[in-house]
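**Q** just need the structure, nothing else, for what follows:
(one chain, ligands or ions: 3)
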Amino acid sequence: MSDTPVKIALFGPGTVGSQVARLLTEQSADLASRVGAPLEVVGVYVRDIGKDRVGLDPALLTDDADALIAKADVVVELMGGIEPAKSIILKAIAAGAGVVTANKALLAAHGPELYEAADAANVDLYFEAAVAGAIPIIRPVRESLAGDHVRRILGIVNGTTNYVLDEMTARGLDYEVAVKQAQDLGYAEADPSADVDGFDAAAKAAILASLAFHQRVPLGDVYREGISAITAADVAAATDSGHVIKLLAIAERTGEGGDGGVSVRVHPALVPLSHPLASVHGAYNAVFVEAEAAGDLMFYGQGAGGTPTASAVLGDVVSVARHIARGGRGPRESHYGDLPVLPISASSSRFQLRMTVPDRPGVLAAIAAMLAQSGVSIETVRQQAGGVGTGLATLAIATHRAPESDVTAVLDALRSSDAVTEIRSVLRIEGE
Ligand SMILES: NC(=O)C1=CN([C@@H]2O[C@H](COP(=O)(O)OP(=O)(O)OC[C@H]3O[C@@H](n4cnc5c(N)ncnc54)[C@H](O)[C@@H]3O)[C@@H](O)[C@H]2O)C=CC1
Ligand SMILES: N[C@@H](CC=O)C(=O)O
Ligand code: NA
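**A** Ligands and ions are numbered 1, 2, ... in the order given. Below you'll find the model as predicted:
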């Protein structure tokens, strides 16, 4: 055991950072023996030194980022956002410090620049907390599965939206109330639109797909829909049809042998109650990975929250600190392939189309004809009377798997037809 401490600089003592600081203190003896040297927090970067930070030694607080970086062996970035996080990480790398970050927004937008800078400077860049919080998923995909051929990743990777949808389903909570609760519990991003509009899940999907497929997947190529349009009626209809609504991240290789391209998308989907993802409640996340040799793997755990996420951050701190204390280096970047990232129009899914229709003879036949014309095959139809005297009915049509472009054509036809009063929701069905 070395007496020379590994010096840690913490940037951003918020929901996650404050738990990292607490655990670094409380677990210091264990961490030292795992690393082979004591870990010493040499400073905590904050915006306002005057502000009281419960549980943090005021002597450690600083607003001088450059001076803090200069004395650190490991920089832990937990501020979030693009700037100043990006500049701080690049300066840390240039100064020869290892970096640990949970910043998926930054990695999805500027990952290649950061990975290349770390490789060039021969320093570690670890980011286990950036995807699915406490769940070990970056290491398995980046290292354990590096010798396999990953075909598909399907997961719930955003705790906030899973919590919101779960509360709406299990307790009938209003959308806004559930979002506020997720914020209060420390699950949501500083701007919760990052969660509910699917940006956070899209960033995680881009990171996972890049690592799993050894392909650069730019964030802009990830198809994204959030959950803000999901209504209480959608949730009730999902329950009636034996499903639950989940925000899913899906990344798959397409074509014969997976050589056609890569498709990465985030959207709400109907998941059958019998599927394991339907039982992922609250802020828990789950990620399925289908690999050629390994077969199916499933990773499950807390995807958000200060303490669970701090666990992943600390695991990375131990790895980087071990290398500093005893030598060695973490994984380097793959050499990347050049498969195209395909647009959503090139993918296919099963769909549930829910609509209000006039309750009169011939309507069902007219709608069926429109689907047939676009080559979209109906699997089931459920009709409910729309209430006495309304003259309306609600129709829920589940399709067989169909290309997105064909379903788009059907929706255009349905919208301009007098056989349909209103399209109420269009949801993909996944996991069957
Ligand atoms: N909260 C969670 O469950 C999870 C968060 N993450 C990621 O961890 C990072 C931190 O998240 P939270 O702790 O939830 O955020 P937070 O908003 O609670 O904490 C961020 C901290 O950084 C400070 N900060 C932000 N910008 C700053 C600036 N320009 N200068 C100085 N200080 C600044 C804030 O004052 C605050 O103390 C983000 O990248 C987030 O995406 C990752 C996984 C889970
Ligand atoms: N806001 C994120 C936090 C973890 O990444 C989420 O809700 O999953
Ligand atoms: Na993780």
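
**Q** could I get the full set of strands for the stretch 301-432 of the chain?
**A** All strands of the stretch 301-432 of the chain, identified by DSSP state E, counting those that start in this stretch, fall at 348-358, 378-385, 392-399, 402-403, 422-429.

**Q** how many neighbouring residues does the closest residue to ligand 1 within the stretch 301-432 of the chain have?
**A** Using Cβ to the nearest ligand atom, the closest approach of the stretch 301-432 of the chain to ligand 1 is made by residue 304 at 3.5 Å. The C-beta positions use only the backbone N, C-alpha and C, and glycine is treated the same way. Neighbour count of residue 304, defined by other Cβ atoms under 10 Å: 30.

**Q** all helices for the stretch 1-150 of the chain, in order.
**A** All helices of the stretch 1-150 of the chain, identified by DSSP state H, counting those that start in this stretch, fall at 15-26, 28-35, 65-70, 85-94, 104-121, 138-139.

**Q** of these, which is nearest ligand 1?
**A** Proximity to ligand 1, assessed across the helices of the stretch 1-150 of the chain by Cβ to the nearest ligand atom, is greatest for helix 15-26 (3.6 Å).

**Q** tell me if that closest one is near ligand 1.
**A** Yes. Helix 15-26 reaches ligand 1 (Cβ under 6 Å from any ligand atom) through 15, 16, 17.

**Q** distance check, the first one against residue 133.
**A** Okay, so that is residue 15. Going from residue 15 to residue 133 by Cβ to Cβ, to the nearest Å gives 11 Å.

**Q** what does the second one give?
**A** To residue 133, residue 16 is 9 Å away according to Cβ to Cβ.

**Q** do residue 357 as well
**A** Residue 357 is 43 Å from residue 133, by Cβ to Cβ.

**Q** more crowded one of these two?
**A** Using other Cβ under 10 Å, the more surrounded residue of residue 357 and residue 133 is residue 133, with 30 against 22.

**Q** could you list every residue that touches that one?
**A** Shown in contact with residue 133 (Cβ atoms under 8 Å, 6 or more residues apart in numbering): 159, 283, 285, 301, 302, 303, 304, 305, 308, 309, 312.

**Q** distance of the residue lying closest to the first one once chain neighbours are set aside from ligand 3?
**A** The shortest distance from residue 159 to any residue other than its chain neighbours is 2.9 Å, reached at residue 304 (Cβ to Cβ, 6 or more residues apart in numbering). When distance is defined by Cβ to the ion, to the nearest Å, residue 304 is 10 Å away from ligand 3.

**Q** phi, psi for residue 304 please.
**A** Residue 304 has phi and psi values of phi -160, psi 170 when expressed as degrees, to the nearest 10.

**Q** and it, how close does it get to residue 186?
**A** Residue 304 sits 7 Å away from residue 186, going by Cβ to Cβ.

**Q** try residue 14
**A** Shown here: residue 14 relative to residue 186, a distance of 9 Å by Cβ to Cβ.

**Q** which of the two has more neighbours?
**A** Set side by side, residue 14 and residue 186 show more neighbours around residue 186, with 20 against 16, by other Cβ under 10 Å.

**Q** tell me which element that one falls in.
**A** For residue 186, there is no host helix or strand (DSSP states H and E).

**Q** and the residue nearest to it when sequence neighbours are not counted, what does it touch?
**A** Residue nearest to residue 186 in three dimensions, not counting chain neighbours: residue 15, with 4.1 Å by Cβ to Cβ, 6+ apart. When contacts are counted by Cβ under 8 Å, 6+ apart, residue 15 touches 186, 305, 306, 309.
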